[in-house]
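A.B. asks: Show me how the following folds:
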Amino acid sequence: MTVAATLLAATTRHADAVALRVPAAGGWEQMRFAELGRAARALAAGLIGLGVEPGDRVAILGATRPEWTLADLGALCAGAVVVPVYHTNSAAECEYVLAHAGARVVICEDAAQVAKVDGVRERLPELEHVITMEQVAGRRSLSGLGAGDGDDGVGAAIAAVSRDDVATIVYTSGTTGPPKGCELTHANLLATARMYESVVTLGPGAVIFMFLPLAHALARVVQLVALETGATLSFWSRDPARLLDDLGAAEPTHFPSVPRVFEKIHTRALAAGEDGPAIRRRLMRWALRTGAAASADPSPSPWSRAQHRLADRLVLQKVRNLFGGSLQLALTGAAPIAEDVLAFFDACGIPVLEGYGLTETCAAATLNPFGAARFGTVGRALPGADVRIADDGEVLLRGPMVFRGYRADQDATATSRRGGWLCTGDLGSLDPDGYLSITGRKKDLIITSSGKNIAPANLESALRESRWIGEAVVVGDGRPYLVALLTLDPDEIPALAARLGLDPDLRRMAGDPRVRAAVGSAVDDVNASVARIEQIKRFAILDEELTQDAGELTPTLKVKRAAVAARFADRIAGLYAQ
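C.D. replies: Modelled structure (predicted):
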């Protein structure tokens with residue numbers, strides 16, 4: 001079966017269950033599985049009516065919302081290849097993806113996204129139709145396209161596609177160069193879904209909170225697994241300022257996310273204790289010690305159980321309530337996450353399982369087992385996947401989740417393989433029990449002037465764990481020691497300013513010696529945990545945030561190291577000139 005056939009079967013099997021929901025005035029706006037199936041078929045018929053044929057590329061440009069999911073399923077039912085485009089992309093970045101993929105249709109979220117496409121339309125000769133999710137004057141919308149009752153050609157379009165055909169082209173985040181289009185087949189996606197289904201229990205009644213960009217491979221796989229198993233996708237309101245409020249209101253049972261969100265929740269929870277009286281700080285520390293002890297002890301004494309119940313009532317339950325109070329399992333990946341953050345949530349009764357995968361592997365390769373997680377590792381190979389470490393330390397992967405290749409780039413596809421294994425570009429190690437640890441990126445590896453090889457990712461993760469630090473970029477290639485460029489966490493600037501008696505103005509605070517002392521204390525804490533050669537000798541606090549618009553972050557919020565180093569070359573030079 002293909003993805004379309006699999007999901008249409010699921011809409012019949014789970015017909016009366018809620019498939020999608022989104023916050024609305026006074027409650028939720030919902031769509032049941034049967035409705036989703038009918039809407040997807042109608043949209044597919046509309047696309048076929050526009051001339052879309054099996055194998056044609058249909059791009060989707062918008063934020064994560066129910067209409068994105070509908071557009072995805074509708075395009076697949078028309079036999080099309082779906083090309084996700086990050087909603088935060090600039091017009092030039094959208095042009096690159098649409099042109100490289102050869103998209104015939106693009107489904108835009110709103111007028112702002114349409115404007116991006118209109119600005120580059122004359123350089124997209126293959127693009128024939130622009131459709132919108134929301135109503136935009138003078139444009140054909142999804143609701144209009146799927147308004148017919150006919151099913152003409154949909155069955156034939158689905159039948160014309162095989163498991164080995166490309167289902168989607170997902171573009172890499174472009175941290176080291178132009179994005180590459182990863183061709184993921186129906187077989188790749190379905191195999192990945194089976195891998196996750198075998199280790200993460202989902203089904204009717206499960207609620208998955210959706211805010212990760214659906215242009216990212218992990219969010220698409222989560223969507224596939226959820227819909228196939230009859231779980232509910234609960235979408236956020238698309239307001240970043242309300243993300244944590246949306247999370248609590250959704251009361252999810254499962255929460256896939258990235259480390260930065262867990263770090264923010266960790267910071268918020270700790271701040272509730274740190275900003276209060278001394279007795280509250282002591283209570284928080286005692287409760288966390290008690291929770292950690294309970295998690296590690298399979299046979300606690302009656303006294304230990306009583307202590308844990310008290311700690312839970314006074315502190316730990318309040319942390320769980322930040323996730324809505326119903327969370328059974330959370331997943332994290334895409335970047336390193338500090339062990340202290342994972343240990344904190346584990347003590348609170350929130351299992352956060354760290355995993356590992358690439359766009360080239362449908363975001364799947366390894367995952368920490370539920371009940372047997374090892375903090376600091378990304379877990380063991382998922383069923384069907386194989387992991388090995390090359391002689392130079394590079395992580396190699398093999399399995400049915402590995403992509404077909406890069407679109408229109410045979411050389412890059414060939415370079416990515418080594419003896420039947422996928423070369424990830426990541427450095428790592430395997431322990432005797434098969435748990436994988438990622439130690440850095442080959443291309444990001446810093447080689448100091450003394451010849452010491454240092455992977456900066458874990459250092460940067462540890463720095464970001466500080467309450468006051470937003471982003472951290474460690475530099476030192478060819479230099480005698482490491483330095484760092486740091487930004488202040490925008491969410492914590494008011495609290496830091498209040499603590500130090502300052503105005504909460506980023507530009508002024510960045511140069512204030514009291515702020516520097518507070519940040520320096522966090523740097524000292526990180527330095528104390530690493531070897532001398534890995535310590536940060538000097539740092540600068542930037543008076544602005546790193547942004548995607550400035551070309552410093554990818555759409556998945558990964559730092560473009562070369563871009564940051566180039567833009568702040570003078571600041572870096574100044575650190576070494578001191």
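A.B. asks: Flag every buried residue along the longest strand along the chain.
C.D. replies: Longest strand in the chain, counting residues (DSSP state E): strand 421-430. Buried residues in strand 421-430, counted by 16 or more other Cβ atoms under 10 Å: 421-424, 426-428, 430. For every residue, glycine as well, the C-beta is placed using N, CA and C.
A.B. asks: Pull out the buried positions in the helix with the most length in the chain.
C.D. replies: In the chain, with assignment by DSSP state H, the single longest helix is helix 278-296. For helix 278-296, burial by neighbour count (16+ other Cβ under 10 Å) applies to 283-284, 287-288, 290-291, 294.
A.B. asks: pLDDT weak spots in this structure?
C.D. replies: Residues of the chain meeting the criterion pLDDT under 70: 148-150, 174-177, 273-276.
A.B. asks: per the record, what domains does it have?
C.D. replies: Taking automatic domain parsing as the domain assignment, the ranges for the chain are 3-184, 260-325+327-441, 446-577.
A.B. asks: and Met195, what does it touch?
C.D. replies: For Met195, the set of contacting residues under the criterion of Cβ atoms under 8 Å, 6 or more residues apart in numbering consists of 364, 382-385, 401.
A.B. asks: between those residues, which is nearest Thr6?
C.D. replies: For Thr6, the closest of the contacts of Met195 turns out to be Met401, at 15.8 Å, with distances computed as Cβ to Cβ.
A.B. asks: Surely the closest one touches Leu358?
C.D. replies: No. Taking contacts as Cβ atoms under 8 Å, Met401 lies outside contact range of Leu358: 9.5 Å.
A.B. asks: who's more crowded, these two?
C.D. replies: Relative neighbour count places Met401 above the other of Met401 and Leu358, with 31 against 23, counting by other Cβ atoms under 10 Å.
A.B. asks: how about that one, what does it touch?
C.D. replies: 188, 191-192, 195, 357, 361-362, 364-365, 382, 384-385.
A.B. asks: go again using 10 Å as the cut-off
C.D. replies: Going by Cβ atoms under 10 Å, 6 or more residues apart in numbering, Met401 touches 184, 187-196, 217, 221, 357-358, 360-365, 382, 384-385, 422.
A.B. asks: Quick one, which of the residues you listed are buried?
C.D. replies: Neighbour-count burial within the contacts of Met401 applies to 184, 187-196, 217, 221, 357-358, 360-365, 382, 385, 422; the criterion is 16+ other Cβ under 10 Å.
A.B. asks: now, which of the residues you listed lie within strands?
C.D. replies: The strands in this structure, assigned by DSSP E, contain 184, 422 from the buried ones among the contacts of Met401.
A.B. asks: Could you tell me whether Pro125 really is in a helix?
C.D. replies: No. Inclusion of Pro125 in a helix is not indicated when DSSP: H, G, I helix; E, B strand; the rest coil is applied; the result is coil.
A.B. asks: Just the buried residues of stretch 490-503, please?
C.D. replies: In terms of neighbour count (16+ other Cβ under 10 Å), stretch 490-503 has its buried residues at 492-493, 495-497.
A.B. asks: now do stretch 152-169
C.D. replies: Applying a neighbour-count criterion of 16+ other Cβ under 10 Å, the buried positions in stretch 152-169 are 153-154, 157-158, 161, 163, 165-169.
A.B. asks: now that stretch: how far from the chain's centre is it?
C.D. replies: Computed by Cα atoms, centre = their mean, to the nearest Å, the separation of stretch 152-169 from the middle of its chain amounts to 28 Å.
A.B. asks: With stretch 337-352 instead?
C.D. replies: Counting by Cα atoms, centre = their mean, stretch 337-352 comes out at 18 Å from the chain centroid.
A.B. asks: Arg561 is in contact with Arg441, isn't it?
C.D. replies: Yes. Arg561 lies in contact with Arg441 (Cβ atoms under 10 Å); the separation is 9.1 Å.
A.B. asks: Which one of the two is surrounded by more residues?
C.D. replies: When Arg561 is set against Arg441 and neighbours are counted by other Cβ under 10 Å, the residue ahead is Arg561, at 22 against 18.
A.B. asks: Please list all residues in contact with the more buried one.
C.D. replies: Neighbouring residues of Arg561 by Cβ under 10 Å, 6+ apart: 175-176, 441, 443-444, 446, 456-457, 460, 473-475, 477, 552.
A.B. asks: And for Ala335?
C.D. replies: With Cβ under 10 Å, 6+ apart as the criterion, the residues that contact Ala335 are 258-260, 438, 457, 460-461, 464, 556-559.
A.B. asks: Strands along the stretch 101-250 of the chain, start to end?
C.D. replies: Under the criterion DSSP state E, counting those that start in this stretch, the stretch 101-250 of the chain contains strands at 103-108, 129-132, 140-141, 166-171, 181-185, 207-210, 232-235.
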